[in-house]
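In: dropping a prediction and its sequence here:
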Protein chains: 2
Amino acid sequence: MSKDGPATPYLRVDVARARTNIERTARWAVAAGVALRPHAKTHKCPQLARLQIDAGAVGLTVATIGEAEAFVEHGAEDVFVAYPLWLTDESVRRLRDLADRADLAIGVDSAESAARAARLLEGSGVAALVEVDCGQHRTGVAPDDAGALAAVAVEAGLPVRGIFTFPGHSYAPDALVTAADDEARALRAATESLRAAGLEPDVVSGGSTPSLAHTHTEDLTELRPGVYVFGDAQQWELGTTAADQLALTCRATVVSHAGGRLVLDAGSKALGADRAAYATGWGRLPDHPEARVLQLSEHHAVVDLAGAPLPALGTQIDVVPNHVCAAVNLADTLWADTGDGLEAWPVAARGRNS
Amino acid sequence: MSKDGPATPYLRVDVARARTNIERTARWAVAAGVALRPHAKTHKCPQLARLQIDAGAVGLTVATIGEAEAFVEHGAEDVFVAYPLWLTDESVRRLRDLADRADLAIGVDSAESAARAARLLEGSGVAALVEVDCGQHRTGVAPDDAGALAAVAVEAGLPVRGIFTFPGHSYAPDALVTAADDEARALRAATESLRAAGLEPDVVSGGSTPSLAHTHTEDLTELRPGVYVFGDAQQWELGTTAADQLALTCRATVVSHAGGRLVLDAGSKALGADRAAYATGWGRLPDHPEARVLQLSEHHAVVDLAGAPLPALGTQIDVVPNHVCAAVNLADTLWADTGDGLEAWPVAARGRNS
């Protein structure tokens, strides 16, 4: 880094805000009587995982074995791979290595994958949670089928810890409450289904950042939000993160005034190309709430400043990515503003897709 | 890599197809009497740059100083940073280092940035090209203003090599021809504008993969396509790349049949989240041309197979990303199928956004 700071575009973390977001959610979970197991795919960063654990998280959630390896290498002791892994010889070897060093669980959503996991992971100590579909219609069994799948797994020798779901259909302005309702209904039905099969779930896990505040916490034992640590333009536009809670921005430079436009050097290779149906553009500018990112290419953002005067060429401006998990996964380093300057925090699990 | 091959999801290059794409376009350029300076942001990979140079490319195009560094480090001798850089002390130091090792040019699109470059890069040998807006309305001056800007730059002491444009508005089904027409019209007007200022451009540079076949090559000296080396789902859907020319795929595994759906382990963290207005989904399956990717999350693709039977759990399936430049920038390695097995080719310029 030169005296001008890191070259733009770069990702900058407001550590005080991230800490506040982490601690506020941790306090809320304690008050609600649920465990927090934050999804570390959002930050992929050991320092942020440490803040979450120090604030009381019972462990971490990850999406891939590679993410689990990155966090266990940095001291994580309890990791849940919330994904219906299809095991290979190589992934079994990696899971067994991990299970020697940490408490480890994986997702299953079919009898075939459960039987395979039982056979290939025998004696490893790796546990499973049955994935339930609560309305996103991605992976997971129907709630009423959870008990039968859990029974198959247990019968095959796979330790089943409980059930989990992801109310990902919460990502829409009118769905925050209804997705939380769907989540609770599905987890209640799945719990009943396990009990009917003679099994009692120790873990009943759900949670997404948009639906978090509306969670029926009496029906769950554990929540796995990810984005809450930073917020992003999606959460801002959904109304679930306030502007002064946004803890990660992409610092960009004004490189052009061509045609009277404001053009920044932060493009889709820094911000990600995510744009949900409800998004008003490709990211937002916290210092210019009325501005909209009209066009995004790989290294350009074209911004409509809503009538504000154009900042001079060379001015640095912050952009909040639409989807912070995607932006973080493009960077090798998060520049953490600790109040005493910038520290380089590694995105240790960047690109660990398998 | 285990005996099963790399863990999915991973990017796989069909080297024979990439070579054919590179050589076909090189022959076409020779026949048309234009130089090729491929945009290396697409592959970010020294081995593919080498194939392009060996096929007759006059040099490489890149978008950032970091990309230039990655390719010069691997032997590139002539690099154009096709971007209106705003120079800092640090970027000037890096450009001067590069100019000691390679022929180097950068873009300018304002009198202020041209004067700044003239001052900060004095004596370095770094040349400039004036960027012209031919209809994308991103960066670049109006064609008629190119001469005045070139004159300012030359007057300030910055060597001006010529003009360049990017007809990026070619990315629409009805715009392939009209964007090429716009490009030619803009470059003719800009050339006249330079001549009126007493300057003769040595380089008149344009090109985009969608518009390439429609280029008015008599009006240009150089073309800078990037995606043509691989093609992608966007090019396939625009009709500019045939299915049997697609040279990069993401190899994925069937992980779930939940609800009768086909779910693959290739999500937006492997494929990118790009989805143009004309796209029919989030990527395409070359072996299932009728299939559509209905839903894409970070580690899941939910696919409608258009009535075909579901492949078994664990089956490996290829997905073509919508935008190959974005997918490559997510991976550290391209697995190159040379016909004799897979070689690991580094994505040496991955994440080099500045």
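Out: Yep, it's here.

In: so where's chain A shaky on pLDDT?
Out: A:1 (pLDDT under 70).

In: go again with 90.
Out: Low-confidence segments of chain A (pLDDT under 90): A:1-4.

In: for it, longest helix please?
Out: Longest helix in chain A, counting residues (DSSP state H): helix A:176-196.

In: and that helix, what's buried?
Out: The neighbour-count check on helix A:176-196 (16 or more other C-beta atoms under 10 Å in any protein chain shown) flags A:176, A:178-184, A:186-191, A:193-194 as buried. (C-beta placed from N, C-alpha, C; glycine too.)

In: can you show me the helices along the stretch 101-250 of chain A?
Out: Using DSSP state H, counting those that start in this stretch, the helices of the stretch 101-250 of chain A run over A:111-120, A:146-156, A:176-196, A:233-238.

In: OK, contacts around the spatially most central residue of chain A?
Out: Nearest to the mean C-alpha position of chain A, by C-alpha atoms, centre = their mean, lies A:Gly226 at 3.2 Å. Each residue near A:Gly226 by C-beta atoms under 8 Å, 6 or more residues apart in numbering or on different chains is listed here: A:38-42, A:61, A:209, A:325.

In: how about a cut-off of 6 Å?
Out: A:39, A:41-42 (C-beta atoms under 6 Å, 6 or more residues apart in numbering or on different chains).

In: closest to chain B among those?
Out: Relative to chain B, the closest of the contacts of A:Gly226 is A:Lys41; by C-beta to the nearest C-beta it sits at 6.5 Å.

In: that closest one: neighbour count?
Out: Per other C-beta atoms under 10 Å in any protein chain shown, the neighbour tally for A:Lys41 reads 23.

In: and it, helix, strand or coil?
Out: The three-state assignment at A:Lys41 reads coil, by DSSP: H, G, I helix; E, B strand; the rest coil.

In: so it is in contact with A:Gly66, correct?
Out: No. Between A:Lys41 and A:Gly66 there is no contact under C-beta atoms under 6 Å: 10.8 Å.

In: hey, C-alpha coordinates of the lengthiest strand in chain A in CSV?
Out: In chain A, taking DSSP state E as the definition, the longest strand is strand A:248-256. The C-alpha trace of strand A:248-256 is given here as CSV (Å, rounded to 0.1, in the frame of the first residue of the first chain):
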residue,chain,number,x,y,z
LEU,A,248,-18.3,-3.0,3.9
THR,A,249,-17.8,-0.7,0.9
CYS,A,250,-15.8,-0.8,-2.3
ARG,A,251,-13.6,2.3,-2.4
ALA,A,252,-13.5,3.5,-6.0
THR,A,253,-12.0,6.4,-8.0
VAL,A,254,-13.7,8.8,-10.4
VAL,A,255,-11.9,8.0,-13.7
SER,A,256,-14.1,9.7,-16.3
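
In: now the angle between helix B:111-120 and it, please.
Out: 90 degrees (axes from the mean of the first three to the mean of the last three C-alpha atoms, to 10 degrees).

In: can you name the next helix or strand after strand A:248-256?
Out: Along the chain past strand A:248-256, the next helix or strand (assigned with DSSP states H and E) turns out to be strand A:262-264.

In: who's in contact with the next helix or strand along the chain from that following strand?
Out: As assigned by DSSP H and E, the chain's next helix or strand after strand A:262-264 is helix A:268-271. Applying C-beta under 6 Å, 6+ apart, the contact partners of helix A:268-271 are A:9, A:250, A:283, A:296, A:298, A:321, A:327, B:329, B:353.

In: so A:Asp28 belongs to a helix, correct?
Out: Heads up, residue A:28 is Trp, not Asp. Yes. Under three-state DSSP, A:Trp28 falls within a helix.

In: in contact with it, which residues?
Out: A:Trp28 neighbours (C-beta under 6 Å, 6+ apart): none.

In: get me the contact residues on chain A for chain B.
Out: Listed as neighbours of chain B in chain A under the rule C-beta under 6 Å from any C-beta of the partner chain: A:2, A:4, A:7, A:9, A:63, A:84, A:86, A:88, A:90, A:109, A:112, A:138-140, A:253, A:255-256, A:258, A:263, A:269-270, A:273-274, A:299-300, A:302, A:313-314, A:329, A:332, A:351, A:353-354.

In: buried subset of those?
Out: A:7, A:9, A:63, A:84, A:86, A:88, A:90, A:109, A:138-140, A:253, A:255-256, A:258, A:263, A:269-270, A:273-274, A:299-300, A:302, A:313, A:329, A:351, A:353-354.

In: just the closest residue of the stretch 251-354 of chain A to chain B, please.
Out: Counting by C-beta to the nearest C-beta, the stretch 251-354 of chain A gets nearest chain B through A:Ser354, at 3.7 Å.

In: contact partners for that residue?
Out: Residues in contact with A:Ser354 (C-beta under 6 Å, 6+ apart) are A:64, A:66, B:7.

In: which helix or which strand is home to the second one?
Out: When secondary structure is defined using DSSP H and E, the element that contains A:Gly66 is helix A:65-73.

In: mind giving me the packing neighbours of that helix?
Out: helix A:89-101 (3 or more C-beta pairs under 6 Å, 6 or more residues apart in numbering or on different chains; DSSP states H and E).
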